[in-house]
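**Student:** Sequence first, then the predicted structure:
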Amino acid sequence: MKRVSIETPSRLHFGLLGWGPEAPRQFGGVGLMIEAPGIGLTAEPASIWGAEGPLKDRVLRVARRVEETLKTGPLQFQIRHAPREHLGLGVGTQVSLAVTRALLSVAGESDPTVERLAALSERGLRSGIGLHGFRAGALIVDGGRGPQGTIPPLLARLEFPSEWSVLVIIPEHSPGLHGPEEANAFAQLPPIPTRVTERLCRIVLLGMLPAVCDRDIETFGRSLTELQEAVGQCFAPAQGGILARPESVAIVDWLRAEGFHGVGQSSWGPTLYAFAKLEGEERARLAKRLCDRFTLGSHAVFWTTASRTGAVLKTTCL
């Protein structure tokens with residue numbers, strides 16, 4: 001018998017690359033795994049199923065579904081920390097993968113493949129960023145879903161420069177589109193024209209990725225801004241503009257005026273992000289100015305770094 005502890009990163013999704021009948025593959029995308037806010041949970045054998053902490057209902061739903069295949073017996077979960085769902089941080093995917101990974105460890109599978117994780121957790125149906133990022137962290141590019149419907153393949157994984165700090169802003173807005181509303185939005189969105197997909201792929205392949213390799217934050221920022229504006233135009237019919245909420249536009253404009261790089265919105269929002277090469281005191285000063293300027297709580301603005309490892313699992317004998 002053993003206790004399993006897992007810490008997962010969170011996910012920033014920078015944008016999808018293509019969808020519709022003209023696209024040879026559906027969706028594809030680029031994103032970054034970040035250390036905070038992340039999710040931490042433990043699981044250990046118990047006489048009955050149980051869970052305590054944030055997202056406990058989702059944890060139990062996933063666990064019971066996965067257990068139908070693995071037959072591990074009941075577990076008790078303790079969710080130590082987790083952000084709210086539907087913020088654009090990939091919480092649903094990371095929770096589902098963490099629970100699945102915990103059950104696999106209890107069942108004796110020490111190193112499941114990404115395909116195994118995807119099948120059991122039922123994640124990676126559209127984006128592969130959170131799926132591949134759970135295993136490996138870093139900056140991820142996935143190749144979208146092919147005609148056979150397999151999980152989006154991992155095309156690139158790049159270590160993110162450690163000196164680039166990540167500013168995360170979670171405004172107190174309504175949650176981003178999810179579930180049936182998200183599915184309906186994609187059904188209603190017009191397909192991305194081929195020329196736009198070609199432009200997005202060029203930005204990623206010849207702009208963002210080389211800039212990360214060269215540790216060139218200015219070029220990375222310009223490329224990410226260009227990607228965000230182009231993707232935002234494609235999503236505008238569903239979210240009312242390049243960004244999901246008018247309040248976010250003012251925050252993004254302020255961050256750009258302050259010299260931040262690659263300012264944008266993660267997935268459907270409301271989470272926003274920006275990049276900079278700053279030290280502790282200057283980071284704290286800018287975060288406070290941002291909170292004061294837009295009446296944001298201190299918990300809604302924080303600095304973090306890119307995840308270099310993905311999820312970390314530890315086991316303890318009971």
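**Tutor:** Arrived safely.

**Student:** mind checking the SS state of Thr72?
**Tutor:** coil (DSSP: H, G, I helix; E, B strand; the rest coil).

**Student:** dump the residue contacts of it.
**Tutor:** For Thr72, the contact set (CB atoms under 8 Å, 6 or more residues apart in numbering) comprises Leu103, Val106, Ala107. In short, each C-beta sits where N, CA and C put it, glycine included.

**Student:** pLDDT wise, what is the closest residue in space to the second one that isn't next to it in sequence at?
**Tutor:** Translated: Val106. Distances taken as CB to CB, 6 or more residues apart in numbering put Thr72 closest to Val106, at 4.9 Å, once the chain neighbours are dropped. Per-residue confidence (pLDDT) for Thr72: 90.

**Student:** Next: Glu247.
**Tutor:** We have a pLDDT of 88 for Glu247.

**Student:** distance of it from Glu229?
**Tutor:** Glu247 sits 18 Å away from Glu229, taking CB to CB, to the nearest Å as the criterion.

**Student:** got the contact list for stretch 236-253?
**Tutor:** Stretch 236-253 has contacts (CB under 8 Å, 6+ apart) with 169, 171, 173, 176-177, 185, 188-190, 228-229, 232-233, 235, 263-265, 268-270, 272, 290, 294.

**Student:** Would you mind listing which of these are buried?
**Tutor:** 169, 171, 176-177, 185, 189, 228, 232, 235, 263-265, 268-270, 272, 290, 294 (16 or more other CB atoms under 10 Å).

**Student:** Can you flag which of those belong to strands?
**Tutor:** Using DSSP state E, the members of the buried ones among the contacts of stretch 236-253 that fall within strands are Ile169, Val263, Gly264, Gln265, Leu272.

**Student:** Let me know the helix or strand that Pro54 is in.
**Tutor:** Per DSSP states H and E, Pro54 falls between elements, in no helix or strand.

**Student:** unless I'm mixing things up, it is touching Arg80, no?
**Tutor:** No - with contact defined as CB atoms under 8 Å, Pro54 and Arg80 do not form a contacting pair (9.0 Å).

**Student:** When these two are compared, which one has more neighbours?
**Tutor:** Here Pro54 and Arg80 are compared on neighbour count by other CB atoms under 10 Å; more neighbours surround Pro54, at 19 against 14.

**Student:** Let me see the mean pLDDT of stretch 274-292.
**Tutor:** For stretch 274-292, the per-residue pLDDT averages 94.

**Student:** Tell me the buried residues in stretch 82-95?
**Tutor:** Buried, per 16+ other CB under 10 Å, within stretch 82-95: 82-83, 85-95.

**Student:** Tell me the helices and strands packed up against the helix or strand containing Val95.
**Tutor:** Secondary structure from DSSP H and E places Val95 in helix 91-106. Under the contact criterion of 3 or more CB pairs under 8 Å, 6 or more residues apart in numbering; DSSP states H and E, helix 91-106 touches strand 2-18, strand 27-45, helix 56-70, strand 75-81, helix 114-121, helix 129-136, strand 312-317.

**Student:** Could you check how far that helix is from the centre of its chain?
**Tutor:** 15 Å (CA atoms, centre = their mean, to the nearest Å).

**Student:** Also stretch 194-206?
**Tutor:** Distance of stretch 194-206 from the chain centroid (CA atoms, centre = their mean) equals 21 Å.

**Student:** Residues touching it, excluding its own?
**Tutor:** 15, 17-18, 22-23, 30, 141, 192, 223, 226-227, 230-231, 234.

**Student:** repeat that with 10 Å
**Tutor:** 14-20, 22-25, 28-30, 141, 155-156, 191-193, 209, 222-228, 230-231, 233-234 (CB atoms under 10 Å, 6 or more residues apart in numbering).

**Student:** how much space between the spatially closest residue to Thr93 that is not a sequence neighbour and Leu318?
**Tutor:** Leaving aside its sequence neighbours, Thr93 sits nearest to Gly130 (CB to CB, 6+ apart; 3.7 Å). Remark: distance between Gly130 and Leu318 (CB to CB) = 30 Å.

**Student:** Same question for Arg293.
**Tutor:** From Arg293 to Leu318 the distance is 50 Å (CB to CB).

**Student:** By mean pLDDT, point me to the weakest helix or strand of this structure.
**Tutor:** Scoring the helices and strands of the chain by mean pLDDT, DSSP states H and E places helix 179-188 at the bottom, with a mean of 70.

**Student:** Poorly predicted segments of the stretch 151-300 of the chain, please.
**Tutor:** Along the stretch 151-300 of the chain, segments meeting pLDDT under 70 span 173-183, 185-186.

**Student:** residue ranges for the helices of it, please.
**Tutor:** 179-188, 194-203, 209-214, 217-239, 246-257, 280-294 (DSSP state H, counting those that start in this stretch).
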